[in-house]
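Colleague: Below are the sequence and a predicted model for it; my questions follow.
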Amino acid sequence: MIVTIALLVLVAMLVCGLPVALSMGISGAIGLYMFGGWPVLAGILKTAPLSTANDYEIITIPMFILMAEFVIISGVANDLFRAATVWVGRVRGGAAMATAIAGAGFGAISGSSTAAAATLASTSIPAMLRQGYEPKLACGVVAISGTLAMLIPPSIALILYGIIADIPIGSLLIGGIIPGLIVTLTIVATIAYLVWRDPTTAPVARSYSFREKFASLNRVGFVVILLFAVTGTIYTGIATPTEASGIGAFSAMLIAAWERKLTFPAAWHALRSAAQTTCMVLFIIMGAHIFGYFFTLTRVTNDITTWVGALEMSRWGILVVILIGYLILGFFMDQIAILILTVPVVLPLIYQLGFDPIWFGVLVIVTAEVGMVTPPLGMNVFVVARYTRRPLGDIFRGVLPHVWAHLFVIALLAAFPAITLWLPSTMR
């Protein structure tokens, strides 16, 4: 009864539009008070803030966010899109394909999905519209390409999953590389199919000589530097994810300074933005900790595990049900909140079913990408709409084919866990 009341309070507050952190914190506090009275509630409230921020690996979050801010200042993302356009621009729909490639490149040096969507929206959409692209196609490509930052390291979502699940973050980040490349190729293939089916939606741009193509790569060298500074050092064992995040942020700052973009106002904006985003994430984690303590004391996780173990259903059938649940939650909740709220409950089931937690984490993140572009709370769609002033309905329709393609990728990764697990197994 107490659990039911707490869950109803949580749902009611979320429906009313209260921030996720407050919703989880208040509903968890109410549940704790009903369960053990003021002494239990006071004890949890005293320890929750410290336990939230006392994890050493939490440092990776502000560092990677700061790296993304410095990358945006430096203008590297614009160079990525221009270089990709030079290489694939001759193909029909080439600029849209270049957007997906640039999204993967930006994801490899960012980790923030909304930052990737905002950057791509401000650079690639105007270029595509000038070339005569259908707005629905252009906006849909940008919205879905921004989600790649959730999967390709450094990924804030994977880092949070690793912290919550208490599994190696380095292996998680490396495990996201091959699935990230597959998702990128899927986006490109979906674009190719859409423009083949209706050639009027995208023009054929001019071709470039090999000299122009190789010249365009001069500016992409910074991406390679950041890629090695983060992913390369983690994979080779030179640095831990926490150390790599500091190296990445410092390298991005040096690149911004080299480009003469690191003015005092720009640096202050980057620091303030990174601090605000970090505080938001920590606030959500603290609210989830309070709610999680309530779940632990009431033994909800153990009861769910026992109930699922008694079901007459194969472990793959249970996995499908779990992933469908994540898809549904993605329609209504923020992806970070979903991870923090559900992973402590779902992960014991995954262990019980005999699945690998690293593989499951990557699978959940790919599933969460769908929630970033589906109504009513598709965050990337709202970001693109804000930058382009296009109707939300048009952008949602433009991203729909990519949603179906993503579901195919989820099925592929679920059926073949080695796609995710092979690269982490080769780490030093």
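Modeller: Looks like it arrived, so ask away.
Colleague: got a pLDDT number for the nearest residue to residue 136 once chain neighbours are set aside?
Modeller: The shortest distance from residue 136 to any non-neighbouring residue, by Cβ to Cβ, 6 or more residues apart in numbering, is to residue 398 (3.8 Å). (C-beta placed from N, C-alpha, C; glycine too.) At residue 398, the model reports a pLDDT of 84.
Colleague: switch to numbering from 18
Modeller: Happy to do that; since the first residue is 18 now, the last one works out to residue 415.
Colleague: give the contact list for residue 415.
Modeller: Applying Cβ atoms under 8 Å, 6 or more residues apart in numbering to residue 415 gives the contacts 152-158, 160.
Colleague: quick one: low-confidence ranges for the stretch 168-317 of the chain?
Modeller: 222-223, 229, 233, 236, 317 (pLDDT under 70).
Colleague: if we can go back for a sec, now, the contacts of residue 415 that are in helices?
Modeller: Using DSSP state H, the subset of those located in helices is 152-158, 160.
Colleague: re the thing from before, now that we have the contacts of residue 415, which one has the most neighbours?
Modeller: residue 158 (34 neighbours; other Cβ atoms under 10 Å).
Colleague: Leaving out the residues flanking it, which one is nearest to it?
Modeller: Leaving aside its sequence neighbours, residue 158 sits nearest to residue 113 (Cβ to Cβ, 6+ apart; 4.6 Å).
Colleague: so what's residue 41 closest to, chain neighbours aside?
Modeller: Closest to residue 41 by Cβ to Cβ, 6+ apart is residue 304, at 3.8 Å.
Colleague: chain center to the one helix or strand the one you found maps to, what's the gap?
Modeller: Applying DSSP states H and E as the criterion places residue 304 in helix 281-314. Relative to its chain's centre, helix 281-314 lies at 16 Å (Cα atoms, centre = their mean, to the nearest Å).
Colleague: which helices and strands does that helix pack with?
Modeller: Counting contacts by 3 or more Cβ pairs under 8 Å, 6 or more residues apart in numbering; DSSP states H and E, helix 281-314 is packed against helix 19-32, helix 37-70, helix 77-91, helix 173-182, helix 352-370.
Colleague: What residues sit buried inside that helix?
Modeller: For helix 281-314, a neighbour-count test (16 or more other Cβ atoms under 10 Å) marks 283-284, 287, 290-291, 294-295, 298-312 as buried.
Colleague: Residue nearest the middle of the protein, spatially speaking?
Modeller: For the chain, residue 167 is the residue whose C-alpha lies nearest the centre (Cα atoms, centre = their mean; 2.1 Å).
Colleague: quick one: it and residue 44, what's the gap?
Modeller: 26 Å (Cβ to Cβ, to the nearest Å).
Colleague: start to end distance for stretch 176-189?
Modeller: 8 Å (Cα to Cα, to the nearest Å).
Colleague: Tell me the buried residues in it?
Modeller: 176-182, 184-189.
Colleague: chain center to that stretch: distance?
Modeller: 14 Å.
Colleague: Using CSV, write down the CA coordinates of stretch 78-97.
Modeller: Provided in CSV are the C-alpha atoms of stretch 78-97 (Å, rounded to 0.1, in the frame of the first residue of the first chain):
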residue,chain,number,x,y,z
ILE,A,78,30.3,14.4,-15.8
PRO,A,79,31.4,18.0,-15.4
MET,A,80,34.6,17.4,-17.2
PHE,A,81,33.0,15.9,-20.3
ILE,A,82,30.3,18.6,-20.3
LEU,A,83,33.0,21.3,-20.1
MET,A,84,34.8,19.6,-23.0
ALA,A,85,31.6,19.8,-25.0
GLU,A,86,31.3,23.5,-24.2
PHE,A,87,34.9,24.3,-25.3
VAL,A,88,34.3,22.2,-28.5
ILE,A,89,31.3,24.4,-29.3
ILE,A,90,33.3,27.6,-28.7
SER,A,91,36.1,26.4,-31.0
GLY,A,92,33.8,25.8,-34.0
VAL,A,93,35.1,22.3,-34.6
ALA,A,94,31.6,21.1,-35.2
ASN,A,95,31.2,23.4,-38.2
ASP,A,96,34.4,22.1,-39.7
LEU,A,97,33.2,18.6,-39.2
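Colleague: Residue 427 against residue 340, yeah?
Modeller: Yes: counting by Cβ atoms under 8 Å, residue 427 touches residue 340, with 6.7 Å between them.
Colleague: Tell me the residues that contact both of these two, please.
Modeller: In contact with both residue 427 and residue 340: 380, 384, using Cβ under 8 Å, 6+ apart.
Colleague: For residue 41, which residues are in contact?
Modeller: 27, 301, 304-305, 307-308, 354, 357-358.
Colleague: make that residue 217, sorry
Modeller: If you count contacts by Cβ under 8 Å, 6+ apart, then residue 217 has residue 151 around it.
Colleague: before we move on, what SS does it have?
Modeller: helix (DSSP: H, G, I helix; E, B strand; the rest coil).
Colleague: Correct me if wrong: residue 125 contacts residue 248.
Modeller: Yes: here residue 125 reaches residue 248: they are 6.9 Å apart, a contact under Cβ under 8 Å.
Colleague: Give me the common contacts of those two.
Modeller: residue 170.
Colleague: so which helix or strand takes in the nearest residue to residue 246 once chain neighbours are set aside?
Modeller: In space, and not counting its chain neighbours, residue 246 is closest to residue 268: 4.4 Å by Cβ to Cβ, 6+ apart. Assigned by DSSP H and E, residue 268 falls within helix 258-275.
Colleague: Over to residue 109?
Modeller: Applying DSSP H and E, one finds residue 109 in no helix or strand.
Colleague: can you give me phi and psi for it?
Modeller: With angles defined as degrees, to the nearest 10, residue 109 sits at phi -60, psi 130.
Colleague: Just list the residues touching residue 304, thanks.
Modeller: 37-42, 45.
Colleague: Kindly recompute the last result at 6 Å.
Modeller: 38, 41-42 (Cβ atoms under 6 Å, 6 or more residues apart in numbering).
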